[in-house]
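S.K.: Sharing a sequence plus its predicted fold:
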There are 2 protein chains.
Amino acid sequence: MTQRPNDALVLFMPSGRRGRFPLGTPVLDAARSLGVYIESVCGGRGICGRCQIQVAEGQFPKHGITSSAGHLSDFSETEARYVAKRGALEPERRLSCQALILGDLVVDVPQDVQINRQLVRKRAETRAIERDPATRLCYVEVDEPDMEKPLGDTDRLLAALARDWRLERPQIDFDLIPRVQEVLRAGDWNVTAAVHDDGAGPEVVALWPGLHNMACGLAVDIGSTTIACHLSSMLSGRILASAGAPNPQIRFGEDLMSRVSYVMMNPDGREALTRAVREAIGVLVDKVAREAGIAADDIVEAVFVGNPIMHHLFLGIDPTELGGAPFALAVSAALHFRAREIGLAVNPGARVYTLPCIAGHVGADAAAATLAEGPQKGDEITLLVDVGTNAEIVLGSRERLVAASSPTGPAFEGAEISCGQRAAPGAIERVRIDPATLEPKVKVIGDDLWSDDPDFGRVVQDLGVTGVCGSGIIEAIGEMFLAGIVDEDGVIDGALAARSDRIVPHGRTFAYVLWRADPARGTPELRILQTDVRAVQLAKAALYAGVRLLMDRLGIDSVDRIKLAGAFGNYIDPKYAMLIGLVPDCAIEKVAGVGNAAGTGARMALLNRGHRREIEALVRRIEKVETALEPRFQEHFVAAMAFPNKVHAFPNLAAVMPLPARKGPGAEAEDGGRRRRGRARRGTA
Amino acid sequence: MTQRPNDALVLFMPSGRRGRFPLGTPVLDAARSLGVYIESVCGGRGICGRCQIQVAEGQFPKHGITSSAGHLSDFSETEARYVAKRGALEPERRLSCQALILGDLVVDVPQDVQINRQLVRKRAETRAIERDPATRLCYVEVDEPDMEKPLGDTDRLLAALARDWRLERPQIDFDLIPRVQEVLRAGDWNVTAAVHDDGAGPEVVALWPGLHNMACGLAVDIGSTTIACHLSSMLSGRILASAGAPNPQIRFGEDLMSRVSYVMMNPDGREALTRAVREAIGVLVDKVAREAGIAADDIVEAVFVGNPIMHHLFLGIDPTELGGAPFALAVSAALHFRAREIGLAVNPGARVYTLPCIAGHVGADAAAATLAEGPQKGDEITLLVDVGTNAEIVLGSRERLVAASSPTGPAFEGAEISCGQRAAPGAIERVRIDPATLEPKVKVIGDDLWSDDPDFGRVVQDLGVTGVCGSGIIEAIGEMFLAGIVDEDGVIDGALAARSDRIVPHGRTFAYVLWRADPARGTPELRILQTDVRAVQLAKAALYAGVRLLMDRLGIDSVDRIKLAGAFGNYIDPKYAMLIGLVPDCAIEKVAGVGNAAGTGARMALLNRGHRREIEALVRRIEKVETALEPRFQEHFVAAMAFPNKVHAFPNLAAVMPLPARKGPGAEAEDGGRRRRGRARRGTA
């Protein structure tokens, strides 16, 4: 007879935490004692099914573990009851509150335990976020009233939570108190409490009779143009539904400053803008809840991000101070409040969290994007740009982070461009111009064919060619520059009208005909005017100058990685962004769109309160640069009006794209920029 | 040249705390370091005038101090500026933030520093309550916005409070945030914040531009019959105004159970009752604020007490569960919430505190009365009774406290009595009956003359004689018992009709004519009917039986002191309370009315958060006795139907009042009770 040890080594994946536990310890208890997050609504009673785990079979010599499902106790009666009531577990899965440790184990904690199968919908892969939510569901069995120990029903509920869930001095939302007696009796003294704890101690914020096995959270990114809303299960972390809608504040002003003006000029302007955005969010919440098949009451937590003006208006704060120096935020810190305080139609006790703002024009959306992309975690100098009507820029590495904003205006969203439109089916998003013939080919949103494909007629038929979206404008102008149609100063060369009927006079300047009208189909002619080129030059120069000021602040002359956040950043081709000089030169493979980073950051804050503390601490560390105050802004701006830039070199770009020769006296280097770069480095040394 | 020590001994009165301080220390700093509470709104800038102190002159050999005003620094320029702006200080007073310690001192901290003289109104003396309020005013000078350090305005306000007032991580009421920028600019970056801290950390709950030198608090006792409201200055502790009003819920039911029935029978009953009491409180708040000449916005804190049903209805909680066993309170603990959550028209950020309830029928009012009277502090066995439609009883001493309630009904408030009325001018409140002639003399509320005074006609002229209030009924029945008009079983002796025309037939029983009608003046005849005597017997027997159950629980047969709380308890003559057997026998000089003890307790909780912790801890210690569950209740009740009691002796009473001889087989003792007492003692030994 071999002697068995009386404890076992257990390794939890993916966290990698490990420890020795006495034989007979429930896996859930072992996980908790190591700080490994496994959801459990019922507190280990084997009825909620949330605490599923799976044993990795085999030898793990690196850890000295031979792991086997046989090292767990047999399937328990409780588990059998669970399966009989709720349906079979996925193969190999066990309830960790029931399975006891009988030998060494490698335990996988699945990141998407689903128990309500009807809710599973296929979605684009999203980032798996480690969970430690501020709001948890806690099932408890409450003592019945006793005349000799006349604690109130609410007090006994809180005592049960303190006892069974080891909560320290739990409180309860005042508004819930009048409902406690009814819920306790409806659940025959068994209830599920949503308990919120985000640093100020545990508080019951919602209550249901019996076992309530559903809790959801919202992550909302309030953009000036678009509001994006994701509904996640707080119990599995999974996205249940997403929806977006235009920001209805647009009717009060396209860009941020015109909305601030509206507030300043109209006595009820602030109220109207606040009401508009809150109503739009209400519609989105209703939509995602319906799509996911959940009740609004199941939504117990929400996180909001937005630029400072969106943030203030959403919170009911007058943004007038943000309209002029010193651009004073009413509040910059992260905020906690209750859904009912802003009239959000979710569970009335649901808690809302807004991420901190970084500065007067660098908002909670930039903070969220920073949280999602983590430039502060690496050694690479990373440039994170969220391109919108106001570009928010964060630059740096582990050592130091700086941030600024630049007023790019709405050109990149297709506004202020004669043929511009918002990114929507039928909008031109890709452009190539033959340098020999000056003939263009285009692609439109909604189809993959180029316009020189014989089948493109079908695309025109189906979608039309209705305008040019932001990324299309950038490619059009980039290609016009490559083809010599515009020079580095952005002037459309009228002399080429002799060579191609694509170049046409337009007032005192010239224009490029990107798409010919088709009277048969009723589609318009789309021209890139000289004023359109100027609008893009102004926008990209503002952004580039902002980036450059941050580089000056860090004393660097190049960046290691560029992340383009936001919808626009996701669709733009990095080469063209660099070609027109929107961003500084960088190894092309290190420039990429990162999608809705602000939305991802909001989801991270929703699902893990540790991420809240992380961004709150980080924001305090970020150094703010107010572009309007920097004497060199004008200098950088003027140089950045040129394609790609009058002063700074783009050697990485030149390596993958033959840039036109520089002209005139400003062209110090004809070698694609290598000499200029060397010079600039010396300049900052 | 004598060598001076470099520190001095300072004693603060009335607290008696003392310590040595380096010469040059401001008196305010010295007080703070000893935990002596001295108010200061401006934080030591010499502008609020709240921190006044006074030096006691002379030798204090017991403390080894020779104290002199000359041991303070000279009147400072700041003090001169204060006097120039706000008017002279009272003689001998100094601003403790300006006066520096230059030698040994005995410092008196005045309990009523008044700086707004127009607010001083003469009031009946009220208890001086040591202050440590949960809400304080804090004046701060906030940094202006700085683009390079872009903290929000709110964040800079909180940082200034943390710095100047040593607050740890101060928070701010979410609803205030949208107003912060406006207030900061209106005050030119100087503002006064009301900061609440009652255990959950400091939070700014209100904000005014510049120095705001006024903060008030409400203490409200919601009785079933009457609501009493006191407005106090949170800065001086002084009562600024008081007002009372009938509880308008009376129209839904005179007693508590009829109001619970109304809620049970009517779908919107709970809402209607809640609205009624909140509206009445609103009217009272408006009244006291007007009387004190303050703005509703200056009210930043409120404390409410009431019996459990009043407490629940005020909070918007359905009291149905309190209508039957097990009499489950929805919540028993003390609660904190915001004024706006109950629609209280004071500063919207004002915080509300409700005292804990002791048991299903022993409410926050009983807790407040216990706090005010402190039976738990002494060695004497103290009986504290709040006589209302539901009597709340607390009994015990330092060692042990027990509590119960008894359903006395409204007889003592003049209801259910044929000639009864509420205590108001014109009501008979005192009665004497000549045992020989059976002729009565009476006194009415509003005048001091007895009715046998030749000038009493003037009283009748001015006030009328309109009915009999609670204390009048008790005296009338007590005197009828002494005169032999009713026997110990409460029967009116019809045989006496032969001796006096004051005894008249009334149906099958007899009545006593206490006051003859005066057709000339239109005043009615007032008779004490047999049913009136029965109503009083039932009410007093219920109360006495409750008290006796508590005595049983403590294993005692007599009490050392009786405190009668509430308006009725204040007006009743203790001798008559004992004579009819409302309370047990006790040394007559140790029985006294203590006024509105619940209101005083509420004021204590308003002005000192230490008192909140005290009552919260005490309530957990009080043992609850549910009278309905006690088998001996019926036995005590039956015995207590007799005057003063069938079984228990009243030796202390007999010593001051010749009691009628006992009759029949139950009359074991003819000696005024001495033998009975001995027997009863043996019985419980």
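M.R.: Good, I have the coordinates.
S.K.: just how off-centre is stretch A:215-228 within its chain?
M.R.: Relative to its parent chain, stretch A:215-228 has a centroid offset of 9 Å by Cα atoms, centre = their mean, to the nearest Å.
S.K.: Which helix or strand contains the closest residue to chain B within the stretch 451-600 of chain A?
M.R.: Using Cβ to the nearest Cβ, the closest approach of the stretch 451-600 of chain A to chain B is made by A:R553 at 11.1 Å. Where you see a C-beta, it was placed from the backbone N, CA and C, and this is true even at glycine. According to DSSP states H and E, A:R553 maps onto helix A:530-554.
S.K.: can you check A:I474 too?
M.R.: Under the assignment here (DSSP H and E), A:I474 is part of helix A:470-482.
S.K.: Go through that helix and flag the buried ones.
M.R.: By neighbour count with 16 or more other Cβ atoms under 10 Å in any protein chain shown, helix A:470-482 contains the buried residues A:470-482.
S.K.: now the helix holding A:R553 and helix A:470-482, what's the angle there?
M.R.: On the basis of axes from the mean of the first three to the mean of the last three Cα atoms, to 10 degrees, helix A:530-554 is oriented at 90 degrees to helix A:470-482.
S.K.: Might you calculate how far the next helix or strand after helix A:530-554 sits from the centre of the chain?
M.R.: Next along the chain after helix A:530-554, taking DSSP H and E as the criterion, comes strand A:561-565. Chain-centre distance of strand A:561-565: 13 Å, with Cα atoms, centre = their mean.
S.K.: Check stretch A:76-92 too.
M.R.: That offset, for stretch A:76-92, works out to 37 Å (Cα atoms, centre = their mean).
S.K.: For that stretch, give me every contacting residue.
M.R.: A:45-47, A:49, A:52, A:54-55, A:69, A:94-95, A:98-99, A:115, A:117 (Cβ atoms under 8 Å, 6 or more residues apart in numbering or on different chains).
S.K.: How about A:R179, nearest residue that isn't a chain neighbour?
M.R.: If the residues on either side of it in the chain are set aside, A:R179 comes closest to A:L207, at 6.7 Å by Cβ to Cβ, 6 or more residues apart in numbering or on different chains.
S.K.: other SSEs contacting the helix or strand hosting the one you found?
M.R.: If you go by DSSP H and E, A:L207 is part of strand A:203-209. Strand A:203-209 is packed against helix A:153-164, strand A:171-172, helix A:177-186, strand A:190-196, with contacts defined by 3 or more Cβ pairs under 8 Å, 6 or more residues apart in numbering or on different chains; DSSP states H and E.
S.K.: could you dump the ones you listed to CSV with mean neighbour count, mean pLDDT and distance to B:D175?
M.R.: CSV is the format used below for the helices and strands packed on strand A:203-209 (neighbours: other Cβ atoms under 10 Å in any protein chain shown; pLDDT from 0 to 100; distance: least, Cβ to Cβ, whole Å):
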stretch, mean neighbour count, mean pLDDT, distance to B:D175
helix A:153-164, 21, 97, 25
strand A:171-172, 22, 98, 19
helix A:177-186, 19, 97, 20
strand A:190-196, 25, 98, 19
